[in-house]
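A.B. asks: here is my input, please return the structure:
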Amino acid sequence: MTDVKEVKESKRPRSKIQASLDKAREDQRLDIFRKRVDHVKQGLSAFDNNRHSDAIKFFTTYLRIIEDWKDISPSGLSPNRFDHKKEVAEILLINAVYWTLVKIYDKAQSPTGKEFFQYLEKFIVFSKGLPHQKLSAEHLRIYISQEKPIHKDALKNVYKMIGTGGCFIATSLLDVTNEKTFLHLRNFRDQVLSKSLFGKLAIRIYYVIGPVIAKILDKLPNGVRVFFGKTLDLLTRFCSKRFRYEADFLKKPERTRST
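C.D. replies: Now for the predicted structure:
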């Protein structure tokens, strides 16, 4: 009996030590999780200052923290592992991180572009079917039209996938048109064409022939595409003068004088 009692007593200190170690690990894990947003802030700062290697390090550290917190294997993050009401801010943050990584690797010199497509796929997963899908599509539209992306075709395909509105021709010419042309045409459709029977008929016809024309435009030489892009820009300017509808976004912002 004495031996059994001694064994039990010897186990108690060990169990207390183990409990203390477990608590210390959990406290450390919680502390790391609480500081996760700091990594995103540092990553964005590094990205803005063209320190892309540092930005990648900060962003991937943030993603690893979330994976560890959710007990998910590397690169296994998906929206269905989050509460879409309580953790909406986290989902948006992850979406922003993936989008920034897409932009970094789009410009990176990589023979395969493996990382670019990996993060682009994750950006789609954290965009499609979610409340911020339109915002993700808008980020894509602006980037394609302004930044001359290397993986232009891949990005345009994603835009077609998550973008809304069915502006097939304008989407095909995103990289060779004025940045406001797409929005201009969408407003023309919604505020002018959709208000009349003839306009609704024109929209239906466009939805039939638009995808076909877009595929043809995608295969044309860049010089020809530029010509059609400029023609589309002129057409939108004509529409803005000929028809009355909201087009405030076409106005250029006033330049602020530097002091």
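A.B. asks: show me the shaky parts of the chain.
C.D. replies: 1-14, 16-31, 111, 164-165, 244-259 (pLDDT under 70).
A.B. asks: residues contacting stretch 169-178, please?
C.D. replies: With contacts defined as Cβ atoms under 8 Å, 6 or more residues apart in numbering, stretch 169-178 is touched by 141, 144-145, 148-149, 152, 156, 159-160, 163, 181-182, 185-186, 210, 213-215, 217-218, 222, 225-226, 228-230, 232-233, 236. In this view, the C-beta of every residue, glycine as well, is placed from N, C-alpha and C.
A.B. asks: so which of the residues you listed belong to helices?
C.D. replies: Among the contacts of stretch 169-178, the members falling in helices (DSSP state H) are 141, 144-145, 152, 156, 159-160, 181-182, 185-186, 210, 213-215, 217-218, 222, 225-226, 228-230, 232-233, 236.
A.B. asks: quick one, phi psi at residue 167?
C.D. replies: phi -80, psi 70 (degrees, to the nearest 10).
A.B. asks: could I have the ChimeraX command that selects the buried members from the contacts of stretch 169-178?
C.D. replies: Remark: buried members of those, expressed as a ChimeraX selection using 16 or more other Cβ atoms under 10 Å:
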select :141,144,145,149,156,159,160,163,181,182,185,210,214,217,225,228,229,232,233,236
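A.B. asks: going along the chain, name the strands of this protein.
C.D. replies: Along the chain, no stretch is classed among the strands by DSSP state E.
A.B. asks: distance-wise, check the nearest residue to residue 44 once chain neighbours are set aside relative to residue 243.
C.D. replies: Sequence neighbours aside, residue 100 is the residue nearest to residue 44 in space, at 7.0 Å (criterion: Cβ to Cβ, 6 or more residues apart in numbering). Using Cβ to Cβ, to the nearest Å, one obtains 38 Å as the distance from residue 100 to residue 243.
A.B. asks: of the two, which one has the most company?
C.D. replies: residue 100 (22 against 12; other Cβ atoms under 10 Å).
A.B. asks: show me how this structure divides into domains.
C.D. replies: For the chain, the structural domains run 29-133, 165-247, going by automatic domain parsing.
A.B. asks: can you add distance to residue 15 and give those back as CSV?
C.D. replies: Converted to CSV, the domains of the chain look like this (distance: least, Cβ to Cβ, whole Å):
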stretch, distance to residue 15
domain 29-133, 21
domain 165-247, 63
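A.B. asks: residues near residue 189, how many?
C.D. replies: 18.
A.B. asks: ditto for residue 78
C.D. replies: 12.
A.B. asks: wait, what's in contact with it?
C.D. replies: 125-126.
A.B. asks: ramachandran angles for it?
C.D. replies: Per degrees, to the nearest 10, the backbone of residue 78 is at phi -150, psi 150.
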